[in-house]
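Enquirer: the sequence isn't on hand, but the structure is:
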């Protein structure tokens with residue numbers, strides 16, 4: 001299966017706003033649908049992409065009752081510090097209401113704004 005939206009995670013995460021997506025170096029994550037991540041053992045990759053042939057969890061007939069996806073979404077609200085996890089529920093709701101195309105366009109705009117902020121950021125230390 002060829003992903004249509006490689007920067008939107010199978011579970012709904014926005015790669016474009018994830019710190020690891022913008023990291024320079026070997027630890028950079030290019031998204032869960034890239035070749036390097038496909039063998040990582042993510043339960044969503046295995047279930048959605050490999051077993052059911054859907055790109056996103058919410059496209060699955062069993063998504064409303066999925067224990068793994070439900071636990072992942074619950075943890076995003078209470079545990080994780082990454083911004084992309086904190087907005088996961090709102091992002092999924094936005095996608096269901098407004099379409100994946102509109103969400104992707106919004107994330108592109110947000111990423112451009114993030115890059116602009118990071119480019120001009122100065123934490124008071126010497127930049128070289």
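Expert: Cool, got the structure. Remember, predicted model here, so these are calculated numbers, not experimental data.
Enquirer: packing partners for the longest helix seen in the chain?
Expert: The longest helix of the chain (DSSP state H) is helix 100-119. When contacts are defined as 3 or more CB pairs under 8 Å, 6 or more residues apart in numbering; DSSP states H and E, helix 100-119 sits against helix 88-98. All C-beta atoms are positioned from the backbone trio N, CA, C, and that covers glycine.
Enquirer: what's the first helix or strand after the helix or strand of the chain with the lowest mean pLDDT?
Expert: Ranking every helix and strand in the chain by mean pLDDT, DSSP states H and E puts helix 35-38 at the bottom, with a mean of 71. Next helix or strand after helix 35-38 toward the C-terminus (DSSP states H and E): helix 43-44.
Enquirer: report the buried residues of whatever helix or strand comes next after that following helix.
Expert: Where DSSP H and E defines the elements, the next helix or strand beyond helix 43-44 is helix 67-78. For helix 67-78, a neighbour-count test (16 or more other CB atoms under 10 Å) marks 69, 72, 73, 76 as buried.
Enquirer: and what of stretch 76-96?
Expert: So for stretch 76-96, counting by 16+ other CB under 10 Å, buried means 76, 84, 85, 86, 87, 88, 91, 92, 94, 95.
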